[in-house]
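Visitor: prediction below, plus the sequence it came from.
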Amino acid sequence: MSLVLGALVEALSGEFQATFSGDAQRHIDRLAPIEAAGPCDLSFVSHPKYTSKLAASEAGCVIVSPALQEVAALRGDFIVVADPYRYFARVTQLWKLQHCRPVPVGIHPTAWVDPSAQLASSASVGAFAFVGAQAVIEEGVHLGEHTVVAAGVHIGRHTRLAARVSVGQDCRIGERCILHSGVVIGADGFGFAPAGGRWEKIEQLGAVRIGHDVEIGANTCVDRGALDDTVIEDGVKLDNLVQIGHNVHVGAHTAMAGCVGVAGSARIGAHCTVGGGAVVLGHLSLADHVHVSAASVVTRSITKPGHYSGFFPIDDNASWEKNAATLKQLHALRERIKQLEAQIKPLA
Amino acid sequence: MSLVLGALVEALSGEFQATFSGDAQRHIDRLAPIEAAGPCDLSFVSHPKYTSKLAASEAGCVIVSPALQEVAALRGDFIVVADPYRYFARVTQLWKLQHCRPVPVGIHPTAWVDPSAQLASSASVGAFAFVGAQAVIEEGVHLGEHTVVAAGVHIGRHTRLAARVSVGQDCRIGERCILHSGVVIGADGFGFAPAGGRWEKIEQLGAVRIGHDVEIGANTCVDRGALDDTVIEDGVKLDNLVQIGHNVHVGAHTAMAGCVGVAGSARIGAHCTVGGGAVVLGHLSLADHVHVSAASVVTRSITKPGHYSGFFPIDDNASWEKNAATLKQLHALRERIKQLEAQIKPLA
Amino acid sequence: MSLVLGALVEALSGEFQATFSGDAQRHIDRLAPIEAAGPCDLSFVSHPKYTSKLAASEAGCVIVSPALQEVAALRGDFIVVADPYRYFARVTQLWKLQHCRPVPVGIHPTAWVDPSAQLASSASVGAFAFVGAQAVIEEGVHLGEHTVVAAGVHIGRHTRLAARVSVGQDCRIGERCILHSGVVIGADGFGFAPAGGRWEKIEQLGAVRIGHDVEIGANTCVDRGALDDTVIEDGVKLDNLVQIGHNVHVGAHTAMAGCVGVAGSARIGAHCTVGGGAVVLGHLSLADHVHVSAASVVTRSITKPGHYSGFFPIDDNASWEKNAATLKQLHALRERIKQLEAQIKPLA
């Protein structure tokens, strides 16, 4: 498996203003991190803080930012471009396109497609996949093995569902999305009315609407809305094991790391990031460009862009125990400080 | 899709003491939140704090509590009932019954049912579902596409398993339960004995017993017991991505929000609520009517009903950093306050 | 279902130096916890703190440590062994072997195995399982119902995949592993380059390599690496709903409880334990023998073995609210203490 360096640069020349210096015939056998890259590998460095790693790297070629061009030139072959990380991302895509196993075409003989479903001719359906009544599967869609696409679902062009994804009735997924294994779109939201010590089910009558270019990680769940739909806008990226409650609205190009939980009816802005394991309570709003640290609990709406955090700092267990125990007296300690201040005032 | 208002009120008249005022022939096209409801929509308001929203609403009809009857009467059609939220819940159920896609009947030709399984005549089995040896599936049960019901499982009447649920060997599920996609009942509990730096597996010989009217959210896991069974009592509601460890006992009508983790052998009382992302450590007991806030960590048994919390409050990152750093000195700060108090005593 | 006591002791005599005293012909009908065990049950007690429970137990036979031999002897039948817990673990394995339902053999008629896959003659494949091109399935492997084994996967001898597991392309799983239902191995890692307000996908070109004797809980996810592989070493035990990001390295015999999240490129040592719901941020290193408490957030590398914690202690809600509010002034309180100290110095 290899790519020829000159061909690679040529393939991306329409998208990037990049300059290549080196041997265009060089074969690249692997993409590798800068510290592990060898003479047949292509790597990248964005940030000047990695200058010494760049200088020491044995990589066959390195993608660098203009600030690093001089150091790169002393070392060997390089590609200089304004955004090396993004350039590298596109290289991984080229690599995958050329080297990875082909996606199967056609409808696997074990798959079940309801006669009333509309399946575009270029769509492919994996083994044991199920496509329900009136579902619409557009051109270039790939449904992985064991996917369950319920009745009335609409899946936009070139979207790929990995193995074992399920999409509930009447949900809509946009174009060029990727849903990883175990994803559940459109399970019932968690809605119950208290009824004399029991819980009366509120049927969840909405659906889920997912925009274009959305990627959803393994075993992540997006619940259907109670009355209106749950909405995930264009370009959103959700990592694995994320929970999105009913009637949540996630703004465009927002990214959430693994194990995040967003409770019902929360409204997350566009271009936000939410760190792993964070929790957003229900019925809150987050403005655009809000960044929440891992494991933080958002308990109130956040109206200003910025970076927000809230988790207990880790410590050796003995120190933590002492501080955690004292924390239970913190309010009382504040009172004691106040009293001290009152006592010292006439003396000082 | 619509319901006629008079027929709707009539349908619920056996269950609720409700008074309807308005046009019994009015067609309702949608159930909607009070602020979004239009002339063809039915909505509800429980709490007097929403009086102004009620007054301004364009809803075709509104379900209200007696305290809101006067305001409602000034506005248009209304149904007055002691518990509008519960009434509305029942309306969503009527709506679903009349408008949603029918559940398939019979056994899908692709399903596999072991010849020794007992399947009631009114049970339905979806595409690619698997029913193992000696399983018992009672009347009115629906097994969704790709469900896996292992050998010896018992599923009570009118219980519904969504697509891609698995129930492990010999587990029992009661009547009228709903298990959403990706649920795993009866995987092995996490039990290992330390053995010279390695872990020796303790086989999990118990099963899972789930009562009646239990609802379990997408990708939630309930592990089988080590020696005895893990037990989920009647009316429990678990949201998505919840983890219930082996030998846990969850009391009747307790509800847990998404991403909660309950460690092995914990005993949760009846009528409790556990907020999203909370963690309950193993071998603890929670009394009935205990309410745990989201993201809190229960590290000791709670013997009194009440509301318990424990998570770091979120703040802008810079403020959080300063406070979190200081928190590591909290115990030392307490000592300094003590010393100040000792110093000031002879002076004051 | 029963085991004869003498035969049981005999079966383990090669592995353990154990002494049995009692009726070798006694039939054991159940393994049970010490407080619940009856005359036909076998139980165990390791720790002297359970002496009174031991003395009062009605168990037919009890496995005890040498320190408890005298108390056990006064009571009835016993097995004395240096490590009763580990002995008991092996007994559960014997029990399962003799009493549980047999694993099906052969290839289920509904399964799909690609003609280019290599399937050992003693491997078994469950209903609706899918085995892709060039996959290698070694001797004694069991693939549960609805498992999806993608192209190029390698599964080592005697590994068992429960129902509804998926293993992505070219991932490798060692020998004697157990993967529970809903596990996803080899979904794409969460890698995107920022690109003018959008996210450019970095294709994940690595795979996942899992060692021998690894157990992975229900609905847990292990992502494939971006360039290199994600690695889980021998003997690792992961509970349910755990998230392992791309390029993470988990050292041998490390155990993680439910709902743990480990972000990309973290390097966890050997013989570590991570408590339920804990979060480990990306690109960190944990030394061997590091133990992290439940719900703690690891934000920096930990270079020394030990026990580390960091979560807010739970309290009744009113107390928590007061302390949490005051926590936001903690840094300011420290300044006030400093000032008090400065004021009191000339006075004291």
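Guide: That came through fine. Please read these numbers as outputs of a predicted model, since none were measured by experiment.
Visitor: what pLDDT does the model give the closest residue to chain B within the stretch 201-348 of chain A?
Guide: In the stretch 201-348 of chain A, the residue that lies nearest chain B is residue A:310 (3.4 Å; Cβ to the nearest Cβ). C-betas here are computed from N, CA, C, even on glycine. Listed pLDDT for residue A:310 reads 98.
Visitor: need the contact list for it.
Guide: Applying Cβ atoms under 8 Å, 6 or more residues apart in numbering or on different chains, we find residue A:310 in contact with A:293, A:296, A:297, B:311, B:312, B:313, B:314, B:315, B:320.
Visitor: go with 10 Å
Guide: By Cβ atoms under 10 Å, 6 or more residues apart in numbering or on different chains, the contact set of residue A:310 is A:278, A:292-293, A:295-299, B:295, B:311-317, B:319-320, B:323-324, C:312, C:324, C:327-328.
Visitor: quick one: is stretch A:172-187 near chain B?
Guide: Yes: judged by Cβ under 10 Å from any Cβ of the partner chain, stretch A:172-187 and chain B are in contact via A:182, A:183, A:184, A:185, A:186, A:187.
Visitor: tell me the secondary structure for the first one?
Guide: So the one you mean is residue A:182. Using DSSP: H, G, I helix; E, B strand; the rest coil, the structure places residue A:182 in coil.
Visitor: burial of the residue found closest to residue A:287 once you drop the neighbours it is linked to in the chain, as a residue count?
Guide: Nearest non-adjacent residue to residue A:287, counting by Cβ to Cβ, 6 or more residues apart in numbering or on different chains: residue A:269, 4.9 Å away. Neighbourhood size, residue A:269 [other Cβ atoms under 10 Å in any protein chain shown]: 20.
Visitor: surely residue A:269 touches residue A:284?
Guide: No: look at residue A:269 against residue A:284 with Cβ atoms under 10 Å: they stay out of range, at 11.0 Å.
Visitor: anything in contact with each of those two?
Guide: In contact with both residue A:269 and residue A:284: residue A:302, using Cβ under 10 Å, 6+ apart.
Visitor: distance of the residue lying closest to residue A:167 once chain neighbours are set aside from residue A:150?
Guide: Distances taken as Cβ to Cβ, 6+ apart put residue A:185 closest to residue A:167, at 4.6 Å, once the chain neighbours are dropped. To residue A:150, residue A:185 is 9 Å away according to Cβ to Cβ, to the nearest Å.
Visitor: the two: who's more crowded?
Guide: Ranked by neighbour count (other Cβ under 10 Å), residue A:185 and residue A:150 place residue A:185 first, with 30 against 25.
Visitor: so what's that one bridging to?
Guide: Beta-bridge pairing of residue A:185 under DSSP bridges involves residue A:167, residue A:222.
Visitor: pretty sure residue A:80 is touching residue A:71, no?
Guide: No: with contact defined as Cβ under 10 Å, residue A:80 does not reach residue A:71; the gap is 11.0 Å.
Visitor: so what sits against both of the two?
Guide: A:62, A:64.
Visitor: the two: who's more crowded?
Guide: residue A:80 (21 against 18).
Visitor: just the pLDDT for that one.
Guide: pLDDT recorded at residue A:80 is 97.
Visitor: could I get the phi/psi values of it?
Guide: Backbone torsions of residue A:80, given as degrees, to the nearest 10, read phi -110, psi 130.
Visitor: look up how far chain B lies from it.
Guide: 34 Å (Cβ to the nearest Cβ, to the nearest Å).
Visitor: and residue A:98, by the same measure?
Guide: For residue A:98, the distance to chain B - Cβ to the nearest Cβ - is 34 Å.
Visitor: from the contact counts, what lies against the host helix or strand of that residue?
Guide: According to DSSP states H and E, residue A:98 maps onto helix A:84-99. With contacts taken as 3 or more Cβ pairs under 10 Å, 6 or more residues apart in numbering or on different chains; DSSP states H and E, helix A:84-99 sits against strand A:3-4, helix A:5-11, strand A:30-31, strand A:41-45, strand A:61-64, strand A:77-80, strand C:192-195, strand C:198-201.
Visitor: thanks a lot, see you next time.
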